[in-house]
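Peer 1: The sequence and its predicted three-dimensional model are supplied below.
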Amino acid sequence: MQHASTESGLAVKADSPFKTAKDLVEHARKNPRKVMYSTLGIGSPMHLSMEYIAKQEGIIWTHVPYPGSMPAVTALVGGHVTATSASTEWKPFVLEGSLRLLATHGEKRMHSFPNVPTLRELGYDFYNDTTFLIVAPKATPLEIVKKLEDAFHKAFKDPEYTATLMKIDHVPAFRNSEDTMKFLETAYELNGRWIAELKIPRETEQKK
């Protein structure tokens with residue numbers, strides 16, 4: 001069962017000259033490979049989003065993967081990269097004014113940043129479909145699965161629970177087991193196509 005999806009976005013330092021995602025793209029166009037961006041790792045949706053933009057715009061920038069979103073954001077705060085494409089570890093820095101959020105990766109604008117456009121709004125047909133799931137062993141009887149679904153669905157309707165999800169920038173998105181399987185099959189196909197089209201390397205290949 002799916003119970004939530006996570007938010008992510010593209011951020012730069014607040015004192016940088018980049019006021020919009022277009023500004024960053026144009027800078028990369030004039031300075032091939034010199035724009036360095038951090039992510040939580042090779043093949044992540046945050047990595048795919050940047051390479052999707054690069055392919056559509058005909059630009060080349062440099063990916064710097066880190067072992068997690070917090071190190072990736074810290075690299076930006078410390079001035080080691082030009083931008084970060086990460087989950088919401090950048091939020092406190094954006095709120096305090098040290099980072100600037102240029103775009104978000106979701107299908108809709110973030111509740112916390114309603115004035116920041118999504119990549120789709122900017123003309124890039126890409127969205128981050130990272131989700132949080134509840135799983136059971138494959139051999140679990142269907143009647144037990146149904147009982148669990150009903151219990152989780154009931155809990156999902158609790159206003160306090162959904163408010164908590166929104167507070168930590170997770171989008172409530174309940175799907176039963178059948179719908180979750182359909183979602184995963186679609187996501188697997190879509191992400192596989194993006195990885196192939198964008199020629200995303202294996203981690204070992206990038207280190208060579």
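Peer 2: Arrived safely.
Peer 1: Ramachandran angles for the residue nearest to residue 47 when sequence neighbours are not counted?
Peer 2: Setting aside the residues directly before and after it, residue 47 is nearest to residue 39 in space (CB to CB, 6 or more residues apart in numbering), at 4.6 Å. (Each C-beta comes from the backbone N, C-alpha and C, glycine too.) In terms of degrees, to the nearest 10, the main-chain angles of residue 39 are phi -140, psi 180.
Peer 1: ok, residue 32 - how many residues close by?
Peer 2: The number of residues packed near residue 32 is 11, by other CB atoms under 10 Å.
Peer 1: who touches the residue nearest to it when sequence neighbours are not counted in this structure?
Peer 2: Residue nearest to residue 32 in three dimensions, not counting chain neighbours: residue 60, with 4.8 Å by CB to CB, 6+ apart. Each residue near residue 60 by CB atoms under 8 Å, 6 or more residues apart in numbering is listed here: 28, 32, 33, 54.
Peer 1: Sort out for me which of these are in helices.
Peer 2: Using DSSP state H, the subset of the contacts of residue 60 located in helices is 28, 54.
Peer 1: Highest neighbour count among the contacts of residue 60?
Peer 2: Counting by other CB under 10 Å, top hit in those: residue 28 with 23 neighbours.
Peer 1: Just give the closest residue to residue 38, not the sequence neighbours.
Peer 2: Nearest residue to residue 38 in three dimensions, chain neighbours excluded: residue 72, at 3.9 Å (CB to CB, 6+ apart).
Peer 1: doesn't that neighbour fall inside a helix?
Peer 2: Yes: counting by DSSP: H, G, I helix; E, B strand; the rest coil, one finds residue 72 located in a helix.
Peer 1: Can you name the residues that contact it?
Peer 2: Contacts for residue 72 (CB under 8 Å, 6+ apart) come out as 38, 39, 40, 46, 65, 66, 84, 85, 86, 89.
Peer 1: Give me the distance between the longest helix anywhere in the chain and the centre of its chain.
Peer 2: The longest helix of the chain (DSSP H) is helix 177-197. How far helix 177-197 lies from its chain's middle: 15 Å, per CA atoms, centre = their mean, to the nearest Å.
Peer 1: Against which helices or strands is it packed?
Peer 2: strand 2-6, helix 45-57 (3 or more CB pairs under 8 Å, 6 or more residues apart in numbering; DSSP states H and E).
Peer 1: Tabulate the ones you listed (CSV), appending mean pLDDT and distance to residue 158.
Peer 2: Formatted as CSV, the helices and strands packed on helix 177-197 follow (pLDDT from 0 to 100; distance: least, CB to CB, whole Å):
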stretch, mean pLDDT, distance to residue 158
strand 2-6, 66, 12
helix 45-57, 95, 29
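Peer 1: got a markdown table for the ones you listed, with distance to residue 166 too?
Peer 2: Listed next are the helices and strands packed on helix 177-197 as a markdown table, based on distance: least, CB to CB, whole Å:
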| stretch | distance to residue 166 |
| --- | --- |
| strand 2-6 | 10 |
| helix 45-57 | 20 |
